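> heads up, no residue letters with this:
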Ligand SMILES: Cc1cc2nc3c(=O)[nH]c(=O)nc-3n(C[C@H](O)[C@H](O)[C@H](O)COP(=O)(O)OP(=O)(O)OC[C@H]3O[C@@H](n4cnc5c(N)ncnc54)[C@H](O)[C@@H]3O)c2cc1C
């Protein structure tokens, strides 16, 4: 009987971090098992189908598809032909609506000349504000080495060297905000500038063909094609250890699985508090991890399926309120109060990949920053819905159906206690070398995902999803000892633990050379997760 001892690595969670890491390990010839608690793959970067529409749960755009971490991942795995990104503005550029102007702004293929497009937005600024914002932007572009020196001050403080307090500073300070999920006065200036510099030098933003779920689906198939397994509906309750070394995992139903290497894609705080526990960790490490701050903002989303096409652009972002006060908008959110005006983005993925909506119809994905917690989400969702109607007039009249998602849905897709959209915040003293490492004090236990990365490069604005993959590269580059040859490990598994192989047999997925036949266990196989379109 094949036992769990045959796995060289168990990965907890099939978000992009977990799947990218598992795929990299599988490409090294390691036999990997991925255990995912949800009945779909991809976590916050996943999609589902409804009435012929494919709707993203979270991620809708990946930046730096030509030179960023995803491009590297795809090349490393040889997936160029299978995972394709479509430039988000192949036909029409994105639109920005701000201060009463609606301008096309090709941010996916940005060149510095496009800054001129912002002139109509800025014309009401004072001369001092104009000069100051020009200087700040020029400094960012001209001095690539500057960012790292500014990691530990906030972006607004850095901007204050060039610009007086006021709408122009709020506007420049806001450029990276929705994407980092923290206000300009909280965000690390070094990270904000690195992200903007990345964007200036490699402005290739794309959308995955087939929808955001295509990334997870492709990686999962790669893993199974390389002898691994990906299991859904398989929640892990505990990482098991012995003498400071990882020994495997225990699932919520009590099943134990053994492996010498365990990788957690659950956020670092939950991994340490829920899967390990303070007693098994050095006290200073545990407290340091629990002291990291998550992003202070989350997201409310309203999805509107339209019976007809209303917009040609791939997205429209900004605010329909010409007099919106951006700083006040963030302050309201941070205080848990509903702002008076909408500011956010309406994505139209079916304008990028027409296969995502029935012919002649359209799906609008409206999104607005929100607090992480609220007693009543309805007013937030109502504001988001009104914002969509204002930016895309007629949307509500032509709606076939409307879905409203709150930060609780974000937490449901990530499995985290926190409802933050983007994991640990990029705050001063919490970036680059000060971010948690992929390695942990427990031998054989690693953490990947958008929280970790240690000295990894910045999240490539506005994409945090690619960062999730960085942990995989870091782990792959470590020399991790291989376990004894297959079969040897089995002998060390106690009889009681061997009972878990019943579980194991009932959950194996498709397509692996070593898979026992799949039983009728309660987990869903990869094939089923993919077939239902819920990956
Ligand atoms: C609304 C929204 C919009 C976003 N837009 C963008 C965007 O446009 N571009 C971009 O790049 N990024 C975007 N992001 C961020 C991006 O989605 C995330 O940074 C990225 O997907 C995180 O990947 P991850 O692997 O770190 O974690 P997750 O996606 O959270 O994956 C963790 C996985 O672990 C599983 N899991 C948790 N606990 C257990 C357990 N005990 N047992 C088994 N499995 C478990 C979860 O179910 C989940 O599948 C957005 C996020 C949100 C919420």
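Cool, the structure landed. Because the structure is a prediction, the values reported are computed rather than measured.
> can you list the domain ranges for the chain.
Here the domain parsing of the chain from automatic domain parsing is 4-51+212-292+423-484, 111-201, 297-414.
> Residue numbers of the chain in contact with the ligand?
For the chain, the residues in contact with the ligand (Cβ under 6 Å from any ligand atom) are 12-18, 35-38, 43-45, 58-62, 235-236, 265-266, 299, 301, 410, 414-415, 421-422, 449-450, 462-465, 468. Backbone N, C-alpha and C define where each C-beta goes, glycine included.
> repeat that for 5 Å
12-13, 15-17, 36-38, 43-45, 58-61, 235-236, 265-266, 299, 410, 414-415, 421, 449-450, 463-465, 468 (Cβ under 5 Å from any ligand atom).
> Now mean neighbour count and mean pLDDT too, for the domains of the chain, in a markdown table please.
Shown next, in a markdown table, are the domains of the chain (neighbours: other Cβ atoms under 10 Å; pLDDT from 0 to 100):
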| stretch | mean neighbour count | mean pLDDT |
| --- | --- | --- |
| domain 4-51+212-292+423-484 | 22 | 88 |
| domain 111-201 | 18 | 84 |
| domain 297-414 | 19 | 96 |
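> what pairs with the closest residue to the ligand within the stretch 1-150 of the chain across the strands?
For the stretch 1-150 of the chain, the residue closest to the ligand is residue 15, as judged by Cβ to the nearest ligand atom, at 1.9 Å. Judged by DSSP bridges, the bridge partners of residue 15 are residue 42.
> among the residues of the chain next to the ligand, which are in strands?
Among the residues of the chain next to the ligand, the residues falling in strands (DSSP state E) are 12, 236, 299.
> tell me the contacts of the nearest residue in space to the last one that is not next to it in sequence?
Nearest residue to residue 299 in three dimensions, chain neighbours excluded: residue 421, at 4.8 Å (Cβ to Cβ, 6 or more residues apart in numbering). In this structure, residue 421 makes contact with 44, 58, 181, 295, 297-299, 407, 410, judged by Cβ atoms under 8 Å, 6 or more residues apart in numbering.
> Against residue 367, how distant is residue 421?
Applying Cβ to Cβ, to the nearest Å, the value for residue 421 to residue 367 is 9 Å.
> what's the answer for residue 126, then?
Separation of residue 126 from residue 367 (Cβ to Cβ) stands at 32 Å.
> re earlier: can you give me every residue that contacts the residue of the stretch 1-150 of the chain closest to the ligand?
Under the criterion of Cβ under 8 Å, 6+ apart, the neighbours of residue 15 are 42-45, 216, 265, 414, 449, 468.
> Is residue 214 in contact with residue 220, as I believe?
No: between residue 214 and residue 220 there is no contact under Cβ atoms under 8 Å: 10.7 Å.
> what is in contact with residue 421 and residue 367 at once?
residue 299.
> nearest spatial neighbour of residue 13, skipping sequence neighbours?
Nearest residue to residue 13, sequence neighbours excluded (Cβ to Cβ, 6+ apart): residue 265, at 3.0 Å.
> my guess is the one you found meets residue 35, correct?
No: in this structure, residue 265 is not within contact of residue 35 by Cβ under 8 Å, at 9.8 Å.
> Make CSV out of the ones in strands among the residues of the chain next to the ligand and add distance to residue 156.
Output for those, formatted as CSV (distance: Cβ to Cβ, whole Å):
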residue, distance to residue 156
12, 37
236, 40
299, 22
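> Which of these sits closest to residue 106?
Distance to residue 106, by Cβ to Cβ, is smallest for residue 299 among those, at 24.5 Å.
> contacting residues for the closest one?
58, 367-370, 407, 410, 421.
> now do residue 98
Contacts of residue 98 by Cβ under 8 Å, 6+ apart are 121, 171, 318-319, 324.
> what does residue 403 give?
The contact partners of residue 403, by Cβ under 8 Å, 6+ apart, come to 50, 55, 302-303.
> and these, which two are the farthest apart?
Farthest pair in the contacts of residue 403 (Cβ to Cβ) is 50 and 302. Separation: 14.1 Å.
> Just say helix, strand or coil for residue 365.
Following DSSP: H, G, I helix; E, B strand; the rest coil, the label given to residue 365 is strand.
> Next one: it from residue 212, what distance?
From residue 365 over to residue 212 the distance is 10 Å, taken as Cβ to Cβ.
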